[in-house]
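**Student:** Fold the following for me, if possible:
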Amino acid sequence: MTAAGEFSGIPRYGVTELNGAVASLLERGFAPRFLLDATVSRPQLKKGHLWMTLVDEQASISAVVWASQLAKLSFVPEDGDGVVVVGKLNFWSNRASLCVQALDIRPSLSSVLRQFEQVRERLALDGLLDQARKRPLPSFPRRIALLTSCPSSALADMLRTSAERWPATAVVVVPIPVQGPVHETICRTLEKLNSQVERLGIDAIVIGRGGGSREDLAVFDNEVVARCLAACPVPVVSGIGHEDDTTVADLVADYRAATPTAALVALLPDHRIAVQTLQQQGRHLQQLIQLRLQGERQRLTRDRERLAGVNPLALLTSRRQALGHAQQLLQALSPAHQLKRGFCLLSDGKGVVVRSVQQLEKGGEVIAQLTDGQASAVVREILHQAPEAKP
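**Tutor:** Model (predicted):
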């Protein structure tokens, strides 16, 4: 300070000049846009503008979303929501007030995960996450509905996979928005589709969305959307995001696939494998038919043989042959045959066949029957044969 009481070497400003210098400094030295991680506190609408305080563990700053920008937001935060703000600084030099002007607001991962847990717990209490309510997928669906954004790479991949795997299945594309506060639109679409499932002949529904950040998938954590999916009259297959992403919609679906393409792979059979299976079954069926025919031929052969054995003509022939054999045997054993061989049949005068000399008497009359007649004779002598010595 000089003797005159003046400061030397120190800039001197008026209030307006000071505030203007600060504004100029902020404008030149700070990024025109930035990302801000924060938690929303006390959001409120004033004259169409959304005012809030953005806080972390140690500090806070005011923020505003002008009405013109608020209508463009896909996510409107509530008190306590974690957010990522795309913003810039606003400094009002007339009152030295600093504020963050929010150009876009996205839910932070912590906020998304909190919503996921809250909705999951409520649905679990109602039994909508029970494995017992999961329905099996149809083996050969006639027609399926694809709910996804249109056009999109996810839709293109699903249509290509459908055509490659099982072109016999008809595909109905149902466009839906898949990001932002669009849960009401998704639910209206689902309710309309559910009412027409039987008329359209739809056997399954696929809801899909391509990759993105976990925050981008937040609409599929919406409780209303989850309950609409659970109310579908046919099985639902979800293919949302990447393999590591799990949403509430995945939990209530009858089958959760890692990606939209994987959803079609799970739902549709592979025609190449089906052809191979049919060929194998055809060969197996031919083998069964051949074995059956072989068995039937053998059975017919046995039946013919058995039938031949009970055929009247064959039976009569067999009986005639047996009778002929019996006649030949009788002829061979008959006395007449023996007589022809030179033997004679001896009987006493009374006609009794003489079988032993004990029946004869000396001087008695006997009759010898020969093959061509009889001769009468008188017994002149009886000679007894000596008995054979026993060993």
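**Student:** Would you mind measuring the gap between the ends of stretch 87-101?
**Tutor:** Across its full length, stretch 87-101 reaches 5 Å between end residues, using CA to CA, to the nearest Å.
**Student:** Contacts for it, please.
**Tutor:** The contact list for stretch 87-101 (CB atoms under 8 Å, 6 or more residues apart in numbering) reads 16, 19-20, 22-23, 26-27, 30-34, 36, 54, 61-66, 85, 102-103. Heads up, the C-betas are built off the backbone N, CA and C, glycines and all.
**Student:** Buried ones among those residues?
**Tutor:** When these are checked for burial by 16 or more other CB atoms under 10 Å, the buried set is 19, 23, 36, 54, 63, 64, 65, 85, 102.
**Student:** Between these, which sits nearest residue 284?
**Tutor:** Here the nearest of the buried ones among the contacts of stretch 87-101 to residue 284, counting by CB to CB, is residue 85; it sits at 66.5 Å.
**Student:** Which pLDDT value goes with the closest one?
**Tutor:** At residue 85, the model reports a pLDDT of 92.
**Student:** Including secondary structure and distance to residue 180, could the buried ones among the contacts of stretch 87-101 go into JSON lines?
**Tutor:** Shown next, in JSON lines, are those (DSSP: H, G, I helix; E, B strand; the rest coil; distance: CB to CB, whole Å):
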{"residue": "19", "secondary structure": "helix", "distance to residue 180": "39"}
{"residue": "23", "secondary structure": "helix", "distance to residue 180": "35"}
{"residue": "36", "secondary structure": "strand", "distance to residue 180": "20"}
{"residue": "54", "secondary structure": "strand", "distance to residue 180": "21"}
{"residue": "63", "secondary structure": "strand", "distance to residue 180": "20"}
{"residue": "64", "secondary structure": "strand", "distance to residue 180": "21"}
{"residue": "65", "secondary structure": "strand", "distance to residue 180": "15"}
{"residue": "85", "secondary structure": "strand", "distance to residue 180": "16"}
{"residue": "102", "secondary structure": "strand", "distance to residue 180": "16"}
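**Student:** just curious, which of those is nearest to residue 288?
**Tutor:** Looking across these and measuring by CB to CB, the closest to residue 288 is residue 85, at 71.8 Å.
**Student:** bridging residues for that closest one?
**Tutor:** residue 36, residue 105 (DSSP bridges).
**Student:** quick one: the longest helix seen in the chain to chain centroid distance?
**Tutor:** For the chain, the longest helix by residue count, based on DSSP state H, is helix 271-309. How far helix 271-309 lies from its chain's middle: 31 Å, per CA atoms, centre = their mean, to the nearest Å.
**Student:** ok, now stretch 369-389?
**Tutor:** 106 Å.
**Student:** Going by neighbour count, list what's buried in it.
**Tutor:** residue 369.
**Student:** which residues are contacting that stretch?
**Tutor:** 335-336, 339-340, 344-347, 357, 360-368.
**Student:** do stretch 50-60 as well
**Tutor:** For stretch 50-60, contacts defined as CB under 8 Å, 6+ apart pick out 36-45, 61-65, 70, 76-77, 83, 85, 100, 102.
**Student:** Can you show me the helices along the protein?
**Tutor:** With helices called from DSSP H, the chain shows them at 15-29, 67-70, 109-125, 153-165, 183-200, 223-230, 248-252, 260-267, 271-309, 312-333, 335-340.
**Student:** and the ones you listed, which one is worst for confidence?
**Tutor:** Looking at the helices of the chain, the bottom one is helix 335-340 with a mean of 74.
**Student:** which helices and strands sit right next to that helix?
**Tutor:** strand 365-370 (3 or more CB pairs under 8 Å, 6 or more residues apart in numbering; DSSP states H and E).
**Student:** Is residue 115 in contact with residue 218, as I believe?
**Tutor:** Yes - in this structure residue 115 lies within contact range of residue 218 using CB atoms under 8 Å: 6.8 Å.
**Student:** what residues are shared contacts of these two?
**Tutor:** residue 107.
**Student:** which of the two has more neighbours?
**Tutor:** residue 218 (25 against 17; other CB atoms under 10 Å).
**Student:** That one is in contact with residue 107, isn't it?
**Tutor:** Yes - using CB under 8 Å, residue 218 makes contact with residue 107 at a distance of 5.7 Å.
**Student:** Which neighbours do those two have in common?
**Tutor:** 75, 115.
**Student:** which residues touch residue 221?
**Tutor:** 112, 115, 116, 119, 247, 248, 249.
**Student:** which one of the residues you listed sits closest to residue 125?
**Tutor:** residue 119 (11.0 Å).
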